[in-house]
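mind looking at a prediction? Sequence and model below.
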Amino acid sequence: MNSGTPLAVRCTLTFGDIYVQVLAWMAVIFVSLAAGLGLMGSTKPIFALVGVGLILVLSLPFLLFAFVTTLLNHIKLDPQNPE
């Protein structure tokens, strides 16, 4: 079986490609913590903990999806010379 031209896997991902995603994730963390601290003074502080946990748990899959799709979009297959 002939395998054809050999390919080299090359990743062109740089920090600039994910910089906005990191900033967005930090914004989500700070907003959820601010909301939690705001609710901590209420009569039921358990709502603060539940709210922060819910925001973080629900936003994590979207963050991981964004990271993985960005990574996959920057993987290149370059043909190599048979030399």
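Done, it's in. Bear in mind that the values here come from a model prediction, so they are computed numbers and not experimental data.

show me the shaky parts of this protein.
In the predicted model, the chain carries pLDDT under 70 at residues 1-2, 82-83.

can you list the residue ranges for strands in it?
With DSSP state E as the criterion, the chain has strands at 7-11, 75-79.

okay, now the sheet partners of the last one, with direction.
The reference is to strand 75-79. When pairing is defined by DSSP bridges, strand 75-79 lines up against strand 7-11 (antiparallel).

returning to that earlier point: got CSV for the strands of the chain, with mean neighbour count and distance to Val28 too?
The C-beta positions use only the backbone N, C-alpha and C, and glycine is treated the same way. Formatted as CSV, the strands of the chain follow (neighbours: other CB atoms under 10 Å; distance: least, CB to CB, whole Å):
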stretch, mean neighbour count, distance to Val28
strand 7-11, 10, 26
strand 75-79, 10, 27
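
need those strands in JSON lines with distance to Leu60, can you?
Compiled in JSON lines, the strands of the chain are given as follows (distance: least, CB to CB, whole Å):
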{"stretch": "strand 7-11", "distance to Leu60": "23"}
{"stretch": "strand 75-79", "distance to Leu60": "23"}
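
nearest to Ala34, out of the ones you listed?
Of all the strands of the chain, it is strand 7-11 that lies closest to Ala34, at 35.9 Å by CB to CB.

pull the distance from the closest one to the chain's centre.
The chain centre lies 23 Å from the centre of strand 7-11; the measure is CA atoms, centre = their mean, to the nearest Å.
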